[in-house]
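> Based on what follows, work out the 3D shape:
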Amino acid sequence: MLVNQERSFKEVIFNKNLDILSKYKINFESDFSNVIFAQEKGTIDNVKIKFTKEKESKIKVFIFTGFKKITNESKDKINNKDNYIKAKTTLDKRITAVYPSLLANMLLYVEDSKKYEEIQLSRNSINFDELKNKNTDLFENDFIGFNIGTKEFLFEYNEKDREKYKDKIVAAKYDDINGELGVEVEITNRKESNITEPLIKKTFSLPPLP
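Numbers count the residues shown, from 1 in each chain. Below is the predicted model:
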């Protein structure tokens, strides 16, 4: 069985020059400890093969290429999204002057307005679009407004990873009586980053709103 396996391996190596197997006796001369498995390059280096013909032998050293590289795969197993975003310990007073319920709904609305179309149609008193951005008819002049950048006042980001990841608030819970607001954030890879880390979702309890 071992002989057959060795011959099969030789046929794989010399698959484009099978006539070599009939011309020479071939032996692997490398000590296993001296063979270099360069995983980051996808190669097997320093493979010594002895060719024998008519009692004359010659040893040549080969590098075999075309194997799967694992460097990027290994790096991707470390999901740096875990350290991409964290809740601020203190909130800007310009965002704490609203009820947690209003802030929660508007954060979700600016992320995906289509989710709220049915609510707006069923309740004539609700018009999220009128609340979007900085409506000075409804809020104080120093209010920051509701838009996609509002969450910047809630979170701190690892700036060096801004070009790798994007985040989206996908769920929220609130307690207006106690001024509590919690959000769930989905963090994904930007298409242009070519990163294959899996998406993650993180939940945050934000500092109390007065």
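> check contacts around N34.
Listed by CB atoms under 8 Å, 6 or more residues apart in numbering, the contact set of N34 reads N46, K48. Bear in mind the C-beta positions are built from the backbone N, C-alpha and C, glycine included.
> what's the offset of the host helix or strand of S101 from the middle of its chain?
Of the helices and strands defined by DSSP states H and E, S101 is found in helix 100-111. Per CA atoms, centre = their mean, to the nearest Å, the displacement of helix 100-111 from the mean C-alpha position of its chain is 26 Å.
> ok, the residue most central in space within the chain to F37 distance?
Nearest to the mean C-alpha position of the chain, by CA atoms, centre = their mean, lies E197 at 2.9 Å. To F37, E197 is 26 Å away according to CB to CB, to the nearest Å.
> Ok, K81 next?
31 Å.
> so what are the domain limits for this protein?
Per the record, the chain has its domains at 2-71, 78-205, by automatic domain parsing.
> Among the ones you listed, show me which one is buried the most.
Of the domains of the chain, the one with the most neighbours on average (mean count of other CB atoms under 10 Å) is domain 78-205, at a mean of 14.
> Let me see the mean pLDDT of that one.
Domain 78-205 comes out with an average pLDDT of 80.
> ends of that domain, how far apart?
25 Å (CA to CA, to the nearest Å).
> try stretch 21-39
By CA to CA, the extent of stretch 21-39 from end to end equals 28 Å.
> Check stretch 175-193 too.
End residues of stretch 175-193 are separated by 38 Å (CA to CA).
> And for stretch 154-174?
Stretch 154-174 end-to-end distance (CA to CA) = 15 Å.
> what residues does that stretch touch?
Stretch 154-174 is contacted by residues 80-81, 83-88, 91, 95, 99-101, 103-105, 107-108, 111-112, 151, 180-190, 192-193, 195, 201, 204, 206 when judged by CB under 8 Å, 6+ apart.
> Without its sequence neighbours, what residue ends up closest to V47?
Spatial nearest neighbour of V47, chain neighbours left out: F62 (4.7 Å); criterion: CB to CB, 6 or more residues apart in numbering.
> Ignore what I typed, I meant N79.
E197 (4.8 Å).
> Check L209 too.
G179 is the one closest to L209 (CB to CB, 6+ apart), at 4.3 Å.
> pretty sure the one you found is touching P100, no?
Yes: with contacts defined as CB atoms under 8 Å, G179 counts as touching P100 at a distance of 6.1 Å.
> what sits in contact with each of these two?
The contact sets of G179 and P100 overlap at L209 (CB under 8 Å, 6+ apart).
> OK, contacts around S101?
Y174, D176.
> typo on my end, it should be R190
R190 neighbours (CB under 8 Å, 6+ apart): E163, K164, Y165, K166.
> For S205, give the beta-bridge partners.
Counting by DSSP bridges, S205 is bridged to G182.
> before we move on, what about T43?
Under the criterion DSSP bridges, T43 forms beta bridges with A38.
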